[in-house]
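Chemist: Sharing a model that was predicted from the sequence below.
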Amino acid sequence: MVTYQFPAQLEYLRKCIETVTLFADSTGVSKDKTVELELALEEALVNIFKYAYPDAADGMVEITCDETGKDKIKIEIRDNGVPFNALSHPEPDTSVPLSERKIGGLGIYLIRKMIDELYYRREERSNILTFVIGKRT
Amino acid sequence: MEIQVRKEGNRHVISVKGRMDAVSSPDFEKELSLLMDKGRKLFVIDFSGLEYISSSGLRSILTIAKKLKATESIIVLASLRSTVKEVFEISGFSTIIPIYATVDDALSNV
């Protein structure tokens, strides 16, 4: 199990993703699954960077990577920002035409589509979003 | 992300290479907005070099597409790689913006 901390700022997005991708590669996660993980991770992190710390410039995000179960990995994304359960938000309507499509809500929808098992919990002053994915499709 | 613009007649082919994520998608929006301000109306976006797109990228494309629609301009996409295409399909974007297999196909139709 490995834990990394990064400032909750957009300029660290790619570094966060690279770090998790390296972990995934090193534990034998397939390319397909790694790409799906990257996408979900970006969506979760960008939500934190944008909304978790409205009044602070020094908020952090903590990412814990671990192997779990048989052939699975678990990624925990923790922030100490405003209470926010990413999983409680409604999904966008993906069947409406261009003029009516809203620009938003897509991030969480993509997380749901990409990640096998999703969990959220609030612990004291932290939001903890957990991704569990199988190493292969 | 690398963005290259070339003209094919009265159409503009915009090639994007690399990753269109929350960090780079504002650059894409900026580039397209600049071209729109100059009065350009016909755009083919060449995705053959794009290996990754997130919701930020989709959002930028949607923003531009809505702006273009308001001015009766056209934007179409071409040569999406399978992982990028999947993201478009999952989010329902493949039905709202025309997608062509190749840039040549797109140019024949724009």
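Modeler: Noted; the coordinates are in hand. Numbering: from 1, shown residues only, chains lettered A, B, ... in the order given.

Chemist: Please count neighbours and contacts with C-alpha atoms only from this point.
Modeler: Fine.

Chemist: And for B:Ala70, the neighbour number?
Modeler: The number of residues packed near B:Ala70 is 11, by other CA atoms under 10 Å in any protein chain shown.

Chemist: Which pLDDT value goes with it?
Modeler: B:Ala70 is assigned a predicted lDDT (pLDDT) of 86.

Chemist: do the same with B:Thr63
Modeler: 90.

Chemist: Over to B:Lys67?
Modeler: With respect to pLDDT, B:Lys67 scores 89.

Chemist: buried ones in stretch B:76-93?
Modeler: Neighbour-count burial for stretch B:76-93, counted by 16 or more other CA atoms under 10 Å in any protein chain shown, picks out B:76-80, B:83-85, B:87-88, B:91-93.

Chemist: Restricting to those, which residues neighbour chain A?
Modeler: For chain A, the contacts drawn from the buried residues of stretch B:76-93 by CA under 8 Å from any CA of the partner chain are B:Ser91, B:Gly92, B:Phe93.

Chemist: sorry, back to before: TSV for the buried residues of stretch B:76-93, including secondary structure?
Modeler: Conversion of these to TSV gives the following (DSSP: H, G, I helix; E, B strand; the rest coil):
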residue	secondary structure
B:Val76	strand
B:Leu77	strand
B:Ala78	strand
B:Ser79	coil
B:Leu80	coil
B:Thr83	helix
B:Val84	helix
B:Lys85	helix
B:Val87	helix
B:Phe88	helix
B:Ser91	coil
B:Gly92	coil
B:Phe93	helix
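
Chemist: Residues of chain B that sit close to chain A?
Modeler: B:22-23, B:53-55, B:59, B:62-63, B:66, B:90-93, B:95-97.

Chemist: Check those residues for burial and list the buried ones.
Modeler: By neighbour count, with 16+ other CA under 10 Å, those hold B:22-23, B:53-55, B:59, B:62, B:66, B:91-93, B:96-97 as buried.

Chemist: Out of those, which two sit at the greatest distance?
Modeler: When those are compared pair by pair using CA to CA, the farthest-apart members prove to be B:Val23 and B:Ile96, with a separation of 24.5 Å.

Chemist: Can you confirm whether the lowest-mean-pLDDT helix or strand in chain A lies near chain B?
Modeler: Within chain A, confidence by mean pLDDT, DSSP states H and E is lowest for helix A:106-114 among all helices and strands, at a mean of 90. Yes. For helix A:106-114, a contact with chain B is found by CA under 8 Å from any CA, at A:Leu106, A:Gly107, A:Leu110, A:Lys113.

Chemist: Only the buried residues of that helix, if you could.
Modeler: Judged by neighbour count using 16+ other CA under 10 Å, the buried positions of helix A:106-114 are A:Leu106, A:Gly107, A:Ile108, A:Tyr109, A:Leu110, A:Ile111, A:Met114.

Chemist: how about the strands in the chain?
Modeler: Here I'm looking at chain A. Listed in chain order, the strands of chain A (DSSP state E) span A:2-7, A:60-68, A:72-79, A:117-123, A:126-134.

Chemist: meant chain B, my bad for not saying
Modeler: Under the criterion DSSP E, strands of chain B are mapped to B:2-8, B:11-20, B:42-53, B:74-78, B:99-100.
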